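**Student:** what follows is a predicted protein model with its sequence.
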Amino acid sequence: MSVNLKHRYTLEEYFEIDRNSEEKYEYWDGEIFLMSGASPEHNEIVFNIARELGIQLKKRSCKVFISDQRVKIPAWPPYRYPDLVSLCGKPEYETIGGVATLLNPSLVIEILSPSTEAFDRGDKFSYYKSIPSFCEYLLVAQHRPHITQFVKQNDNKWLNTEANSLTESLYLPSIDATLLLEEVYLGIEFKEIEIAPPDERIV
């Protein structure tokens, strides 16, 4: 989630603010966006995913990074802060604005919220596609057990898979790992959706 700080900034000004702040900021076309605090559910889900992938990847040459890791997005410069990214092999970095920025994630994971879901599914996905190594995208709901998976195919089309039950799992080909939804949502209490009673009037 982000909050726009209304002012036109140069990239140099943005880099100075981002380097010297405890908060995270993103930049787009002269505007700076403060990455506002996430919900407890969001943070728990990020922790659960990072833990599960970390366990599976710990004896392999793979990495899992949470949202403090800057990632270069060529189509949306200079860099962004995905909720989680992962890769197998050697991480590649470029120093941008005085900070190490990851160049080659293969898997990007975003935790959805009502205010960001449309952007995460639309424009942000398009921007992420400009990363040459990017080949898998997960969109994880907070309010119910539901994960949307996109996997890049050899013809550059993206295969879409949905998992919507705590008993389901998703295989992640980009890093050869599996996510169980019951582990992703461990500790999350889902709020019941109130359904209005039917109108019993006789017309």
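**Tutor:** Yes, it's here.

**Student:** wait, residue 140 touches residue 44, no?
**Tutor:** No: Residue 140 is beyond contact range of residue 44, at 11.3 Å (criterion: Cβ atoms under 8 Å). Where you see a C-beta, it was placed from the backbone N, CA and C, and this is true even at glycine.

**Student:** the more surrounded of these two?
**Tutor:** residue 140 (26 against 18; other Cβ atoms under 10 Å).

**Student:** hang on, residue 34 in a strand?
**Tutor:** Yes: according to DSSP: H, G, I helix; E, B strand; the rest coil, residue 34 belongs to a strand.

**Student:** report the separation between it and residue 107.
**Tutor:** Distance, residue 34 to residue 107, by Cβ to Cβ, to the nearest Å: 26 Å.

**Student:** who has more neighbours out of these two?
**Tutor:** A direct count of neighbours by other Cβ under 10 Å for residue 34 and residue 107 places residue 107 higher, at 25 against 16.

**Student:** give the contact list for that one.
**Tutor:** 84, 85, 86, 87, 135, 136, 137, 138, 172, 174, 175 (Cβ atoms under 8 Å, 6 or more residues apart in numbering).

**Student:** tell me the contacts of residue 108?
**Tutor:** Residue 108 sits next to 71, 82, 84, 85, 128, 134, 136, 137, 138 when contact means Cβ under 8 Å, 6+ apart.

**Student:** how about the second one, phi and psi?
**Tutor:** Its backbone dihedrals place residue 82 at phi -60, psi 160, with angles given as degrees, to the nearest 10.

**Student:** off-centre distance for the top helix by length along the chain?
**Tutor:** Taking DSSP state H as the criterion, the chain has its longest helix at helix 40-57. Its chain's C-alpha centre and that of helix 40-57 lie 12 Å apart, by Cα atoms, centre = their mean, to the nearest Å.
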